[in-house]
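[1] My questions are about this predicted structure, shown below with the sequence.
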Amino acid sequence: MNARWEVVIGLETHAQLSTAAKIFSGASTAFGAAPNTQAAAVDIALPGVLPVLNRGAVERAIRFGLAVGGTIAPSSVFARKNYFYPDLPKGYQISQYEIPVVQGGTVTITTPAGEKTVRLTRAHLEEDAGKSLHEDFHGMTGIDLNRAGTPLLEIVSEPDLRSAEEAVAYARTLHALVRWIGICDGNMQEGSFRCDANVSVRPAGSTTLGTRAEIKNLNSFRFLERAIQFEVRRQVELIEDGGKVVQETRLYDPDRDETRSMRSKEDAQDYRYFPDPDLPPLVIDAAWIARVKASMPELPAAKKARFESQYALASADAAHVSASPELAAYYESAVAALPAGIANGPKLVANWMQGELAASLHRADLDIAQSPVGAAALGGLIARIADQTISGKLAKDVFDAMWAGEGDADAIIAARGLRQISDTGAIDALIDGVLAANPAIVAEFHAGKEKAFNALVGKVMAASKGKANPAQVNAALRSKL
C-alpha cells in the first residue's frame, strides 16, 4: 500500500438468525426449497396482513449484545425503510433505525501487530428481501420470495479497520462468534453470513474521512479481501490522477477481480425511515436479559484464557484448539480420555490436533465434527505414545490406520505387532549387529563425523522395523561407540 495514503474500512455484516420461522411470519427459513414455496401472506405483502415479531430472533440479538459487551436497549423501535425493487413486495423493508436493539460493543481481533479492538456502532434486527433470478429466464427476471422475511441481525462496525487483512480478521472473528453463541450457522455459500464493505482512503496523518464506496454482498473471506484491495487501488489511482471518488454502491466481480459501479449511494434520508405503525416498540426487561445470559456458553476469549491456564498451553495453541465450539469440545474430550499422570498430555493433544489431524481433515475436506478419528480415540493413541508402547514415528502409521477405519490404537498395535522394543538386551543385540556390519561408518564416526552416528541410528531403527525405542537406541549406541 502507498505510504502516502491511509485506508479506512467499516463493515456492515448481515447474519441470518438461526430461527426455524421468519421474523414476522410463521413461514420456514429452511434453505433450498422450490421457489416461492416458503412465502407466507405476510412475506408477499397481501392486503390486510399484520407482522408478528419472532421471539427467538430477539433472543438471538440479545445473545449477541451480551457477547460483545453492547448495551441492550430496554425499548427499541422497528422502522420502515422505503425503497422499490422487484424482490421487495411491500415497497419497504422492516428494519430498525434510530433505536436499534443493540448499541455499542467491541470485537477483538488478532493482527500481525498484535491484538486490536474494533468498536461496534450497533446491531439491529431486520427482515431480508427476496431474490431476483436473472440467469434462469431468457430475457426476463424471476423473483423467488422464499428468503423474504428471513430474520437478519445487521452488525455495523465503526471505521476502525485499516487494511483488507484487518477487515478479513474482523469478519472471521465475527463469523466464529455468531456460530459459537448459536445465533447463525455461518454458511456463506447459502448467504447466511455476508458483508458489505465501506472503503475510503485519506492522506496519511489526516483525520478527515474520505468519500466512501460501499461494496455489497461479499460472501467469502477471499472475495472480501480482494474486493477491498482492488477498491483501495482504484481510489488512490483516481485521486492521484486528479479525479474524485464518488459516493456509490459497487459490486465485486470475482471473475475480473474488480469492483464496478452499481448505483449512487443512498443516504438515510433517501429511505424515508419512519416508525412502523404495525409493530409496537420492542420492550426487553432485565429479567429477560438475565435469562438469556444464564443460557450463554463460555465465550471464545474466556475459553482460550482457561485453556492457557488449565492446560498450560501457549497462546497460539490455545487459540487453535478453541477456534470453534466443535474444536474446543474435541480438544477437551481428547484430554479427558488421557490416563492420569501423563506428562504434558494436553500439549501433546494440541500438537496432534494441529498436525496430523488438521492435515488429514484438510486433505479429505472434512471439518472436525466429521473426523473418522474421534476425540477419545486420539486420546488413546497419545496414551500409547506417552507410555512408550509405540514411538512417535510409528504413531503416525497407527493414526493413518485409525483414519482408515481399522480400529482403535490398541487393536491396530496388536494386529500389526507394532509394540515398541524397550528390552535392553534386544536393543543391544540389534546395535551389535549393525556395528559389526558397518565398520566403515563406525570409522567415520571415530574420525569425528557426527553424521555417521545418525546413519547408524537409522540402520538400527531399520533393523528393528521401526519398533526400537529411539531414545534407548541413541543412548546405548553412543555408549558402545
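    Yep, it's here. Just so it is clear, the structure is predicted and the values come from calculations on it, not from any experiment.
[2] residue ranges for the strands of the stretch 201-350 of the chain, please.
    213-218, 248-253, 258-264, 274-275, 282-283 (DSSP state E, counting those that start in this stretch).
[3] residue closest to the middle of this protein?
    Geometric centre of the chain, nearest residue: Ala176, 4.3 Å, by C-alpha atoms, centre = their mean.
[4] so which helix or strand takes in that residue?
    Ala176 belongs to helix 164-180 when assigned by DSSP states H and E.
[5] Could you tell me which strand of this structure is the longest one?
    If you go by DSSP state E, the chain has its longest strand at strand 114-127.
[6] Restricting to C-alpha, output that one in PDB.
    Only the C-alpha atoms of strand 114-127 are listed here, as PDB (Å, rounded to 0.1, in the frame of the first residue of the first chain):
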ATOM      1  CA  GLY A 114      -0.900  -7.800  17.900                       C
ATOM      2  CA  GLU A 115      -4.500  -7.600  19.200                       C
ATOM      3  CA  LYS A 116      -6.800  -4.800  18.100                       C
ATOM      4  CA  THR A 117     -10.200  -3.800  19.400                       C
ATOM      5  CA  VAL A 118     -12.800  -2.900  16.800                       C
ATOM      6  CA  ARG A 119     -15.700  -0.800  18.000                       C
ATOM      7  CA  LEU A 120     -19.300  -1.700  17.000                       C
ATOM      8  CA  THR A 121     -21.800   1.000  16.300                       C
ATOM      9  CA  ARG A 122     -24.900  -1.100  16.600                       C
ATOM     10  CA  ALA A 123     -26.600  -4.300  15.700                       C
ATOM     11  CA  HIS A 124     -30.200  -4.200  14.600                       C
ATOM     12  CA  LEU A 125     -32.900  -6.600  13.600                       C
ATOM     13  CA  GLU A 126     -34.400  -6.600  10.100                       C
ATOM     14  CA  GLU A 127     -36.000  -8.800   7.500                       C
END
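[7] On the C-terminal side of it, identify the next helix or strand.
    That would be, after strand 114-127 and using DSSP H and E, strand 131-133.
[8] so how far is the following helix or strand past that next one from its chain's centroid?
    Later in the chain than strand 131-133, the nearest helix or strand by DSSP H and E is strand 142-144. Centroid separation for strand 142-144 versus its chain: 32 Å, with C-alpha atoms, centre = their mean, to the nearest Å.
[9] got it, and stretch 315-328?
    Using C-alpha atoms, centre = their mean, the offset of stretch 315-328 from its chain centre is 11 Å.
[10] buried residues in that stretch?
    Asp317, Ala318, His320, Val321, Ser322, Ala323, Ser324, Pro325, Leu327, Ala328 (16 or more other C-beta atoms under 10 Å). Every C-beta, even on glycine, is put in place using the N, C-alpha and C of the backbone.
[11] ok, now which ones touch Val295?
    That one is not Val; residue 295 is Ser. Applying C-beta atoms under 8 Å, 6 or more residues apart in numbering, we find Ser295 in contact with no residue.
[12] repeat that with 10 Å
    Residues near Ser295 by C-beta atoms under 10 Å, 6 or more residues apart in numbering: Glu59, Arg63, Ile181, Gly182.
[13] between these, which is nearest Asp257?
    Nearest to Asp257 among those: Ile181, at 34.2 Å, using C-beta to C-beta.
[14] Wait, the closest one touches Pro300, no?
    Yes: under the criterion of C-beta atoms under 10 Å, Ile181 makes contact with Pro300 at 9.2 Å.
[15] any common contacting residues for those two?
    Jointly contacting Ile181 and Pro300 under the rule C-beta under 10 Å, 6+ apart are Ala67, Pro325.
[16] Report pLDDT for the residue nearest to Ala319 when sequence neighbours are not counted.
    Nearest non-adjacent residue to Ala319, counting by C-beta to C-beta, 6 or more residues apart in numbering: Lys304, 5.8 Å away. Looking at Lys304, its pLDDT stands at 94.
[17] How many residues are close by Lys304?
    Using other C-beta atoms under 10 Å, Lys304 has 20 other residues around it.
[18] With just CA atoms, put whatever helix or strand Ala411 lives in into CSV.
    Secondary-structure assignment from DSSP H and E places Ala411 in helix 409-416. The C-alpha trace of helix 409-416 is given here as CSV (Å, rounded to 0.1, in the frame of the first residue of the first chain):
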residue,chain,number,x,y,z
ALA,A,409,-4.9,-47.7,18.6
ASP,A,410,-4.6,-50.8,20.8
ALA,A,411,-6.3,-53.0,18.3
ILE,A,412,-4.0,-51.8,15.5
ILE,A,413,-0.8,-52.1,17.5
ALA,A,414,-1.7,-55.6,18.4
ALA,A,415,-2.8,-56.7,14.9
ARG,A,416,0.3,-55.2,13.3
